[in-house]
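1. this one's sequence-less:
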């Protein structure tokens, strides 16, 4: 399995507020663009030719991976589905067998390696990576029926099912290209009353193969797998990858020039990059992976699994739990944080943040993200006109890039704030905020005379 096609052309509308001014595939997960991590995983499992299909915000994808020697780019002129995108790339393949991998998935390389190994053992013309649905709602996914080791049928967004398609395939070029060409441009296998969009999804080509009694191998995931399709998937992908990375660490690793104060309390594993310092009164309960030139000092409390980028300052009795912190971030005096900070996010002091916070965002003092509703329920989110209850991170805050909050802003559970937006001082935010919008509180003032005479003088 020498070649792979990575699909990185889509619009990413469902992941708002993160896909409007970004290519979704370039969103950072554990401080690395998703598509770069996908390509690095493919190189790791032995792919020497990687064709990346670009379209929407193509230059962002090129900027993320153009320095990797195995990569070449193909442009999808019409963004009408994964089958069309794959056909754009197939003509450039050097090998008969190849993988197709979405550029917006976060997983362990073992899942890709296992797909390759199982496919190599069988005589099947195609193989499909599957994931058990578990607590996920089948109606949110393309699903498949399985009998033994083979896929017996696919169904788009059904009312029930046991496995969903991961969008990762292994193909033989000669045998499968005709089915990509025959794709009707819509998924026809849907429940009664289902309304599929006009897209040439590879899943329909798989169904055409099954209809012709062609064997399609089903390979189940053995490690975590997150398809970053909606905003809460950004939070889930970071958390699951961070936990996976933390489990790989068996001993401390302190780079050249890094220091740990004798007055720090370390209860766990530490990986510390060059010239980073852990200062006095710092408490670490868990696993910390930190990059270069960080200053973690003066009573900072870190617990759970944490990843910190480069050139961050974490100090002054802040409290961070189970988080991914980007590059050049500041988490300061009394700030509490759980979730994900993209690059250059400032939490200077006295705030309680939970969720995902976009690049170059500035959080005002005493900003609070509510995480618990009075009815103890999860907050539904409207995605492309349809309300869904996220199975993960339903009550977190999702804030886009280049945002600000004023002092004493209160963000109610499960709110989304668009890119380039401001939540002003004293605002209690009950609704989502569109991109490029400022929300300010209008205060009613009562003015009346007052003075010493009120006290009998």
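-> Perfect, thanks for sending it. Because the structure is predicted, anything quoted here is derived from the model rather than measured. Numbering: from 1, shown residues only.

2. quick one: buried residues of stretch 178-198?
-> In terms of neighbour count (16 or more other C-beta atoms under 10 Å), stretch 178-198 has its buried residues at 179-180, 183, 187, 189-190. In short, each C-beta sits where N, CA and C put it, glycine included.

3. Need the contact partners of that stretch.
-> 80-81, 83-84, 86-87, 90, 142, 153-159, 199-209, 214 (C-beta atoms under 8 Å, 6 or more residues apart in numbering).

4. rerun at 6 Å
-> With contact meaning C-beta atoms under 6 Å, 6 or more residues apart in numbering, stretch 178-198 is reached by 83, 86-87, 154-156, 158-159, 200-201, 204-205, 207-209.

5. average pLDDT for it?
-> In this model, stretch 178-198 has an average pLDDT of 89.

6. hmm, back to that, now the two most distant members of the buried residues of stretch 178-198.
-> Spatial extent of the buried residues of stretch 178-198 (C-beta to C-beta) is set by the pair 180 and 190 at 20.0 Å.

7. just so I have it, where are all the helices in this structure?
-> Assigned by DSSP state H, the helices in the chain fall at 34-44, 58-65, 82-90, 109-121, 173-181, 202-211, 231-247.

8. Dump these to CSV, plus distance to residue 275.
-> CSV is the format used below for these (distance: least, C-beta to C-beta, whole Å):
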stretch, distance to residue 275
helix 34-44, 25
helix 58-65, 26
helix 82-90, 42
helix 109-121, 30
helix 173-181, 49
helix 202-211, 47
helix 231-247, 22
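
9. could you point out where the stretch 251-400 of the chain is predicted with low confidence?
-> For the stretch 251-400 of the chain, no stretch is flagged by pLDDT under 70.

10. Drop anything exposed from the contacts of stretch 178-198.
-> Applying 16+ other C-beta under 10 Å to the contacts of stretch 178-198 flags 83, 86-87, 154-156, 158, 200-201, 204-205, 207-209 as buried.

11. just to revisit the earlier point, any chance of the buried residues of stretch 178-198 in JSON lines, plus distance to residue 268?
-> What follows is the buried residues of stretch 178-198, written out as JSON lines (distance: C-beta to C-beta, whole Å):
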{"residue": "179", "distance to residue 268": "51"}
{"residue": "180", "distance to residue 268": "49"}
{"residue": "183", "distance to residue 268": "50"}
{"residue": "187", "distance to residue 268": "47"}
{"residue": "189", "distance to residue 268": "49"}
{"residue": "190", "distance to residue 268": "48"}
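
12. Just give me the closest of the buried ones among the contacts of stretch 178-198 to residue 283.
-> residue 158 (48.5 Å).

13. Please determine how far that closest one is located from residue 300.
-> Taking C-beta to C-beta, to the nearest Å as the measure, residue 158 falls 48 Å from residue 300.

14. Leaving aside the residues adjacent along the chain, what's closest to residue 276?
-> residue 294 (4.1 Å; C-beta to C-beta, 6 or more residues apart in numbering).

15. what about residue 15, how many residues close to it?
-> 22 (other C-beta atoms under 10 Å).

16. Distance check, it against residue 40.
-> Distance from residue 15 to residue 40, counting by C-beta to C-beta: 22 Å.

17. what's the answer for residue 357, then?
-> 25 Å.

18. repeat for residue 301
-> Residue 301 sits 33 Å away from residue 40, going by C-beta to C-beta.

19. More neighbours: these two, which one.
-> More crowded of residue 301 and residue 40, by other C-beta under 10 Å: residue 301, with 17 against 14.

20. Tell me the bridge partners for the more buried one.
-> residue 283, residue 319 (DSSP bridges).

21. wait, residue 300 sits on residue 319?
-> No: taking contacts as C-beta atoms under 6 Å, residue 300 lies outside contact range of residue 319: 8.0 Å.

22. higher neighbour count, these two?
-> Taking other C-beta under 10 Å, residue 300 and residue 319 do not tie; residue 300 has more neighbours (25 against 17).

23. May I have the phi/psi pair for that one?
-> With angles defined as degrees, to the nearest 10, residue 300 sits at phi -60, psi 140.

24. need the contact list for it.
-> 282, 314-315, 318.

25. Check the separation of the first and last residues in stretch 408-425.
-> 6 Å (C-alpha to C-alpha, to the nearest Å).

26. Make a markdown table from the buried ones among the contacts of stretch 178-198 and add distance to residue 406 to it.
-> What follows is the buried ones among the contacts of stretch 178-198, written out as a markdown table (distance: C-beta to C-beta, whole Å):
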| residue | distance to residue 406 |
| --- | --- |
| 83 | 48 |
| 86 | 48 |
| 87 | 51 |
| 154 | 49 |
| 155 | 48 |
| 156 | 45 |
| 158 | 46 |
| 200 | 47 |
| 201 | 44 |
| 204 | 50 |
| 205 | 52 |
| 207 | 53 |
| 208 | 56 |
| 209 | 57 |
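
27. Can you tell me which of those residues is nearest residue 277?
-> Using C-beta to C-beta, those come closest to residue 277 at residue 86, 48.6 Å.

28. Closest one to residue 329 out of the buried residues of stretch 178-198, please.
-> Closest to residue 329, out of all of the buried residues of stretch 178-198 and judged by C-beta to C-beta, is residue 187, at 41.9 Å.

29. how far away is residue 393 from residue 371?
-> 10 Å.

30. Apologies, that question was intended for residue 353.
-> Distance from residue 353 to residue 371, counting by C-beta to C-beta: 10 Å.

31. Kindly report the same for residue 451.
-> Distance from residue 451 to residue 371, by C-beta to C-beta: 45 Å.

32. mind listing what the residue nearest the centre of the chain touches?
-> The chain has residue 234 as the residue nearest its centroid, 2.7 Å off, counting by C-alpha atoms, centre = their mean. Residues counted as contacts of residue 234 (C-beta under 6 Å, 6+ apart) are residue 356.

33. at 7 Å what do you get?
-> Residue 234 makes contact with 18, 27, 228, 340, 356, according to C-beta atoms under 7 Å, 6 or more residues apart in numbering.

34. and it, what pLDDT?
-> Looking at residue 234, the pLDDT reads 97.

35. That one and residue 28: what is the separation?
-> Counting by C-beta to C-beta - residue 234 and residue 28 are separated by 9 Å.

36. Ok, residue 233 next?
-> Distance from residue 233 to residue 28, by C-beta to C-beta: 13 Å.

37. go on, residue 391?
-> Per C-beta to C-beta, residue 391 is found 22 Å from residue 28.

38. who's more crowded, these two?
-> Higher neighbour count among residue 391 and residue 28: residue 28, with 25 against 14, using other C-beta under 10 Å.

39. Now do the same contact list for the residue nearest to that one when sequence neighbours are not counted.
-> Spatial nearest neighbour of residue 28, excluding adjacent residues (C-beta to C-beta, 6+ apart): residue 342 at 5.9 Å. Contacts for residue 342 (C-beta under 7 Å, 6+ apart) come out as 28, 326, 357-359, 401.

40. among these, who's most crowded?
-> residue 358 (30 neighbours).

41. State the pLDDT value of the residue nearest to that one when sequence neighbours are not counted.
-> Once flanking residues are discounted, residue 358 sits nearest to residue 401: 3.6 Å by C-beta to C-beta, 6+ apart. Predicted confidence (pLDDT) for residue 401: 97.
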